[in-house]
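> Prediction below, plus the sequence it came from.
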Amino acid sequence: MTDTSSGSARVAGEDDLPPVTRLLVEEMLALDVGEKTLRKAELNFLDYLSCALATRDLPWTRQALAVVSRWPVSGGSQVIGTDLVLSPPDAAFINGLMAAFTSRTDIHPSVSGHPCVSIFPAALALLGQKRVSGREFLNAIVAGYEVMGRLGRLLVNDKFRSNFRSTSILGCVSASFTAARILGLDVDRAINAIALASNWAAGLQEWGHSGATEQFYQGANAARAAVAAALLAEQGVDGSSTILEGKSGLVAAFGDRSRAAELLARPAGAAREIELTDIKRVAACTFVQAGVYAAEQLVQRHSFDPATIKRVEVETYQAALNCPGVDNAGPIDGILAARMSMQHSVASVLVRKGASDDNFFDYDNAAVSVVTPKVTVAGSPAFNRIFPKQQAATVKVSLSDGKMFASTVEDVPSFEEDGVVSRYRAVAKKVLSERQVDRVEMLVRSCAALDDVGSVLDELRAANPPGTSNVSMSTSHISPSAHRAAISPG
């Protein structure tokens, strides 16, 4: 329906949208969630630290630290697992980057992105600016996740996924809500922060086709931009008050502007977005997880020699296969390609008889390389209908003797709390002292009761800081053993 009474055609009601940006900012600044949501935020916090600590000694991290450590500051923000103090934007960048390198940061299915890579680093980077209670910190985190989930439902579709990275674009905007709240900005200044961050939100998907590593830096850059936006807004820099719902605002740029008011809609009693996030057990792309679990279930039920595999057929939801890098039968020449490829991921589980980080470090395993080209992938209409609420896959294995085995996973299982905690402890002990490992766990799991959440950062100064200068180790082809030694929790 159109209205031409003004002399030009427009969609009826298009310019009658409520002040979405202002109303959403007001809601998020006042957000105060219940105990169940706070507990989930604490668990995601611990897992985020687990990710950041796990990769501190990877060559990629060492390269980035070699750059930023040239300009340390006093009175700045702590880099996790080091004794380095940087400006808040730089600290947010490094702390986001280290988490991203694991490829196992938490995932929001509706967003197809990783909230913690930008939201937690932005919040932690600003703790040195003021005293923040644990409850206020967690509410700010939940607000960021809430915005990211709502934006994801509104904007992320197959076209978005094929071109843009939600982790960076939506993560930048969402982290700015968190940063504004941590700084205690009023509504007008918070709106300015969101406007600046929305202008800086970026991230393309070409890395999925090229195999390059820029995806690791995208969410980290989002954290840095969000922090800078909040700090500038605190000083009075202004931005568009209609940045979300405006004619050339964020929703119009990536989706259907007439739906912008949906960002304000939340059914009574609905779960908070952070409660809908999944914590990964397997350090691989979100879109291959269902295939990995189906293959793992199959080898747990059936015994066969991988050398007798004739054909492997994988059916999953089409959105997974549309993601750049997922439908890749090889050759697999690096850890990122291994983590993205459905064919490699399934083949490695079938050959290694299970899933662990080593499936992706061991990307040049000869037996896996033989099976990978035998894996075909296809979309399933039935699985399409239940995505993103459920992520399903079926793996069928045909052997040379005519036998056939199949297994279906109707949804990716959640990683239980005990697993999250034990994994944190396994990786943290490589960087922190035993006392620090215990102390951080205790503080994070009781974060809501802390008077000053900065006490967590105080415990994250490394007992054995890494070397941060003269890094010469090339990351163009890092050996499996180098990755395994740095990141494996074993």
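Cool, the structure landed. Numbering: from 1, shown residues only.
> domains in this structure, as residue ranges please.
Using automatic domain parsing, the domain parsing of the chain gives 20-276, 286-409.
> Now do the last one: distance to the chain's middle.
What that stands for is domain 286-409. 22 Å (CA atoms, centre = their mean, to the nearest Å).
> Compute the first-to-last residue distance for it.
Criterion CA to CA, to the nearest Å; first-to-last residue distance in domain 286-409 is 14 Å.
> from now on call the first residue 5
That works, and once the first residue is 5, the last one we named lands at domain 290-413.
> one step back: now render the domains of the chain as TSV, adding mean neighbour count.
In this view, the C-beta of every residue, glycine as well, is placed from N, C-alpha and C. What follows is the domains of the chain, written out as TSV (neighbours: other CB atoms under 10 Å):
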stretch	mean neighbour count
domain 24-280	22
domain 290-413	20
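> wait, which of these is closest to residue 456?
In terms of CB to CB, the element of these nearest to residue 456 is domain 24-280, at 5.3 Å.
> For the residue nearest the centre of the chain, which non-adjacent residue is closest in space?
Geometric centre of the chain, nearest residue: residue 118, 1.8 Å, by CA atoms, centre = their mean. Excluding its sequence neighbours, the residue lying closest to residue 118 (CB to CB, 6 or more residues apart in numbering) is residue 109, at 4.3 Å.
> The one you found reaches residue 284, doesn't it?
Yes - in this structure, residue 109 is within contact of residue 284 by CB atoms under 8 Å, at 7.4 Å.
> hang on, the earlier thing: is it possible to get CSV of the domains of the chain that adds mean pLDDT and distance to residue 430?
Shown next, in CSV, are the domains of the chain (pLDDT from 0 to 100; distance: least, CB to CB, whole Å):
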stretch, mean pLDDT, distance to residue 430
domain 24-280, 95, 9
domain 290-413, 93, 11
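> closest to residue 466 out of those?
domain 24-280 (4.8 Å).
> I'd like the distance from that closest one to the chain centre, please.
Relative to its chain's centre, domain 24-280 lies at 10 Å (CA atoms, centre = their mean).
> Can you give me the end-to-end span of it?
23 Å.
> Quickly find the element holding residue 314.
Using DSSP states H and E, residue 314 maps to strand 313-320.
> Show me what that strand is packed against.
If contacts are counted by 3 or more CB pairs under 8 Å, 6 or more residues apart in numbering; DSSP states H and E, strand 313-320 sits against helix 293-305, helix 346-356, strand 379-383, strand 397-403.
> helices and strands around the following helix or strand past the second one, which ones?
Along the chain past helix 346-356, the next helix or strand (assigned with DSSP H and E) turns out to be helix 362-365. Using 3+ CB pairs under 8 Å, 6+ apart, the elements in contact with helix 362-365 are helix 339-344, helix 346-356, helix 484-491.
> C-terminal to helix 362-365, what's the next element?
Per DSSP H and E, the first helix or strand lying C-terminal to helix 362-365 is helix 370-375.
> I would like the residues contacting that following helix, please.
Applying CB atoms under 8 Å, 6 or more residues apart in numbering, the contact partners of helix 370-375 are 310-311, 313, 316, 334-336, 348, 351-352, 354-356, 366.
> Nearest to residue 84 among those residues?
residue 366 (27.4 Å).
> The closest one against residue 351, yeah?
No - taking CB under 8 Å as the definition, residue 366 is not a contact partner of residue 351, at 11.4 Å.
> Need the three-state assignment for residue 411.
strand (DSSP: H, G, I helix; E, B strand; the rest coil).
> for it, which residues make a bridge with it?
In this entry, residue 411 is beta-bridged to residue 399, by DSSP bridges.
> coming back round to it: with distance to residue 431 as extra columns, can I get the domains of the chain in a markdown table?
Shown next, in a markdown table, are these (distance: least, CB to CB, whole Å):
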| stretch | distance to residue 431 |
| --- | --- |
| domain 24-280 | 4 |
| domain 290-413 | 10 |
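> among those domains, which is nearest residue 442?
Per CB to CB, nearest to residue 442 of the domains of the chain: domain 24-280, 12.7 Å.
> quick one on the thing from earlier: okay, angle between the strand holding residue 314 and helix 346-356 too, please.
130 degrees (axes from the mean of the first three to the mean of the last three CA atoms, to 10 degrees).
> What is whichever helix or strand comes after strand 313-320 packed up against?
Using DSSP H and E, the helix or strand that follows strand 313-320 towards the C-terminus is helix 322-326. Applying 3+ CB pairs under 8 Å, 6+ apart, one finds that helix 322-326 contacts helix 162-167, strand 379-383.
> quick one: which of the ones you listed is nearest residue 280?
Using CB to CB, the helices and strands packed on helix 322-326 put helix 162-167 closest to residue 280, at 18.0 Å.
> And the contacts of the closest one?
The contact list for helix 162-167, computed with CB under 8 Å, 6+ apart, reads 116, 170, 208, 209, 258, 259, 322, 323, 326, 327, 328.
> closest to residue 132 among those?
Taking the contacts of helix 162-167 together and measuring to residue 132 by CB to CB, the closest member is residue 170, at 29.2 Å.
> so what's that closest one up against?
Residue 170 sits next to 115, 116, 117, 156, 159, 160, 164 when contact means CB under 8 Å, 6+ apart.
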